[in-house]
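Peer 1: coords please:
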Amino acid sequence: MSKYLGLFVTEATEHLEALGRELVRLEKTPDQAQVDALFRHAHSVKGMAASMGFEGVATLAHRVEDLVEAVREDLSRLDRPLVDLLLASADAMMAQVREVEAGKAPADAPELIASLGERLRAFTGRAPTATRVNQAQAFASPGPTQGAPPGGRPPEVDPPLPGEATVATAQVPAAEGPGAREAVRAAPAAGAAADAPPPVTSGEPRLGAPTQLSLSFQVAPSCQVPGVRAFLVYRKLTGLGRVLELRPPLEDLKAGRLPEGRFEVDLETPGSEGELREALAKVAEVELVSLAPGRARRAAPVAVAPPPPAADVIAAGESARTVRVRTELLDYFLDTVGELLLATSHLRALGKALPEANQPPVEEGVDRLHALVKDLHDKVMSARMTPVSVVTDRLPRAARDLARRTGREVELELSNTTVELDRAILDELGDPLLHLLRNCIDHGIETPEERVAAGKPVQGRVSLSVQRERDRVVLQLEDDGRGMSAEKLKRSAVARGALTPEAAARLGEAEALLLCCLPGVSTARDVTDISGRGVGMDAVKRTVEGVGGTLEITSVPGRGTRFTLRLPLTVAVVQLLLVGVGEEIYGLPIAKVLGAVEADPARLSTSRERPLLPHGDGLLPVHSLGELLQIPETPCSGARPFVLMESDTGRVALAVERLLGQEEVVLKPLTRPLDLVPGLSGSTILGTGRPIFILDVSRLLSA
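Peer 2: Just a heads-up that it's a prediction; the model follows:
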């Protein structure tokens, strides 16, 4: 079973995250469809855990399923304490899944199970239902490390209903696709005779002589895996009686070769027609078209075997094929394509050294190669693109918990979260967005009493919107709370020694609001264990800039604050301004460059021995890049270039020796020990084959 462990962790995590999201939505607007979705998620986790032999997870999921079933019968039973209990159960199951992922036996949760049972008894007057036997899982006997009971059998709980597993049914590795997964859920017990009728599994006695029935089925045209759905029907029927004939044959069924999506089964069963219809109704995307008495016939030997791998089933169908791919493999593809881009640039540079008569055909070939490699790069990037909802779907639950802890009433609105970003950027955004949300709720939104006194609605509002702007994605997180004061931030920064009074006076409002990103600078009256302006905001800004983005803050005291994150679509390719100091070349991210000017250093004014460069209506402090990097500079007289840049403490002028132009490069992350050097954010290789470092000016200035 170990080969299915990764698939179990992935799917169980998806179901549990969805369970939490649905609970938060359901608490606000009770709806029968959402309760049904809750039931499906709990049912799926229960069945998958039972198939893998994780008894603790299966038992807890079964109790959640029972309680959700009680809510299904009466929506008025759903109240805030019950939602708290169900969310705590989802968190406990998530912790158990994480333990499974780490190779540990998941811990039991007896207190939660008891609490769930008590609520169920209070609603229905009966004890929790016993787990139901399902022979289809008899083969899944786990080893000792899987938490199996002494008998070596997993808890016999119904597996996920077909169609109620993860929505990405076909989006799994070909070796571990739905075919493999359904084999886990539906394969017969080891040693079972191929043509022997499986044992009765409903838990109820079947009386009376067997009857022969002819059944006709239609698979929905929209079904992506018709073979898997048809095979599930076949397995259901083998559990209810003996299959006499299958049309088309089983091999065609498993391969998805179903003429017009239809197939027929002749069955001999001691069960009733009602039992058949009830069992078959649980198979999604398959309709029972007709059920009629069948004529007597001899049972055909039908081999019982799991269906082929998912890739084969999908390939035989008409739907587009999709598979899950490890992010590490996509990273490798992207890195390799990046190397091809660098090699192409190198070829272009070599071509320029050829005689002019030989250059045109070489340039034509290089251009063609570059176009192909660029197209390949774009395709790999599109495979890495992921909806922002992957990160934002976790925020409603976090907002609910934070509001409960702080005594606030908060409504979180999410809009346009289907916009896609590079997965590498999204992986970095989870913690920053959560921290910004904490700040909005803990220090932005006022208490209900304060909001009433200010003439505001009792319930505060936090909104997150996502917009695509050409080659950037803009995330805006806004609250209607008390806002921040730029003047207070200036005073706090000066008091903590982060700025001089003169420097603080030169800052505009937008730059002053960014002072909350300096460690220890805050306008919050109380710094709590949840958040505080200035506690972690420096990490937020650094993370956003680390992926090539920018953070902007606007605020109106008494009306609210808006955080704007402008992010690139990808971190793989970046635009750099190349500058020279001594014999070295460095790259400065274009996103942080405001411009460049030439000036004579001898004519600059000074303040506290710091040169100041006139710019607009103010003066910018000047820093020599050579001095910051401790690189001997080439002596020169007269005007020299200055690069105007954004930094954590405002705008600065960076004195360099040479401006070498802009270049689009493939970003390479730093490895130990270079990632520990302050001021370095990455590296790249120029078209000439020369490696250079990319600088983080803010960290370089604070080092």
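
Peer 1: pull the CA atoms of stretch 365-380 into PDB?
Peer 2: These are the backbone C-alpha positions of stretch 365-380, laid out as PDB (Å, rounded to 0.1, in the frame of the first residue of the first chain):
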ATOM      1  CA  GLY A 365      19.400  30.100 -37.300                       C
ATOM      2  CA  VAL A 366      19.900  31.600 -33.800                       C
ATOM      3  CA  ASP A 367      16.700  33.600 -34.100                       C
ATOM      4  CA  ARG A 368      14.800  30.400 -35.100                       C
ATOM      5  CA  LEU A 369      16.400  28.500 -32.200                       C
ATOM      6  CA  HIS A 370      15.500  31.300 -29.800                       C
ATOM      7  CA  ALA A 371      11.900  31.400 -30.900                       C
ATOM      8  CA  LEU A 372      11.600  27.600 -30.400                       C
ATOM      9  CA  VAL A 373      13.200  27.700 -27.000                       C
ATOM     10  CA  LYS A 374      11.100  30.700 -25.900                       C
ATOM     11  CA  ASP A 375       7.900  28.900 -27.000                       C
ATOM     12  CA  LEU A 376       9.000  25.800 -25.000                       C
ATOM     13  CA  HIS A 377       9.800  28.100 -22.000                       C
ATOM     14  CA  ASP A 378       6.300  29.600 -22.200                       C
ATOM     15  CA  LYS A 379       4.700  26.100 -22.300                       C
ATOM     16  CA  VAL A 380       6.600  25.000 -19.200                       C
END
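
Peer 1: buried set for it?
Peer 2: Of the residues in stretch 365-380, those scored as buried under the neighbour-count criterion (16 or more other Cβ atoms under 10 Å) are 366, 370, 373, 377, 380. For the C-beta atoms, the positions are set from N, CA and C on the backbone; glycine is no exception.

Peer 1: same question for stretch 553-570.
Peer 2: When burial is assessed from 16+ other Cβ under 10 Å, stretch 553-570 yields the following buried residues: 553-555, 560-563, 565-570.

Peer 1: determine which two of those residues are furthest apart.
Peer 2: When these are compared pair by pair using Cβ to Cβ, the two farthest from each other are 560 and 570, 31.7 Å apart.

Peer 1: could you look up the SS state of residue 107?
Peer 2: Going by DSSP: H, G, I helix; E, B strand; the rest coil, the secondary structure assigned to residue 107 is coil.

Peer 1: residue contacts, it?
Peer 2: The contact partners of residue 107, by Cβ atoms under 8 Å, 6 or more residues apart in numbering, come to 56, 95-96, 99.

Peer 1: residue 427 and residue 7, how far apart?
Peer 2: Separation of residue 427 from residue 7 (Cβ to Cβ, to the nearest Å) stands at 21 Å.

Peer 1: who has more neighbours, these two?
Peer 2: Neighbours around residue 427 and residue 7, counted as other Cβ atoms under 10 Å, are more numerous at residue 7. The numbers are 21 against 15.

Peer 1: low-scoring stretches of the stretch 551-700 of the chain, by residue?
Peer 2: 572, 648, 687 (pLDDT under 70).

Peer 1: residue ranges for the strands of it, please.
Peer 2: 560-568, 573-581, 584-589, 593-599, 605-607, 610-615, 618-624, 640-647, 650-655, 658-666, 680-685, 691-695 (DSSP state E, counting those that start in this stretch).

Peer 1: packing partners for the fourth one?
Peer 2: Secondary-structure packing of strand 593-599 (3 or more Cβ pairs under 8 Å, 6 or more residues apart in numbering; DSSP states H and E): strand 610-615, strand 640-647.

Peer 1: direction included, what does that strand pair against?
Peer 2: Paired strands of strand 593-599, with direction, are strand 640-647 (antiparallel) (DSSP bridges).

Peer 1: helix, strand, or coil at residue 324?
Peer 2: coil.

Peer 1: count of neighbours near it?
Peer 2: Counted by other Cβ under 10 Å, the residues lying close to residue 324 total 15.

Peer 1: please begin residue numbering at 20 from this point
Peer 2: Understood, numbering begins at 20; the last thing we discussed is residue 343.

Peer 1: wouldn't residue 657 be in contact with residue 620 here?
Peer 2: No. With the criterion set as Cβ atoms under 8 Å, residue 657 and residue 620 do not qualify as a contacting pair; they are 9.1 Å apart.

Peer 1: more neighbours: those two, which one.
Peer 2: Neighbours were counted for residue 657 and for residue 620 using other Cβ under 10 Å; residue 620 has more, 16 against 8.

Peer 1: now do the contacts for the more buried one.
Peer 2: When contacts are counted by Cβ under 8 Å, 6+ apart, residue 620 touches 630, 641, 659, 674.

Peer 1: let's see it at 7 Å
Peer 2: 630, 659, 674 (Cβ atoms under 7 Å, 6 or more residues apart in numbering).

Peer 1: go through stretch 606-614 and flag the buried ones.
Peer 2: Across stretch 606-614, burial judged by 16+ other Cβ under 10 Å covers 606-608, 610-612.

Peer 1: how far off centre is it?
Peer 2: Centre-to-centre, stretch 606-614 and its host chain are 30 Å apart (Cα atoms, centre = their mean, to the nearest Å).

Peer 1: what about it, how long is it end to end?
Peer 2: Counting by Cα to Cα, to the nearest Å, the length from the leading to the trailing residue of stretch 606-614 is 14 Å.
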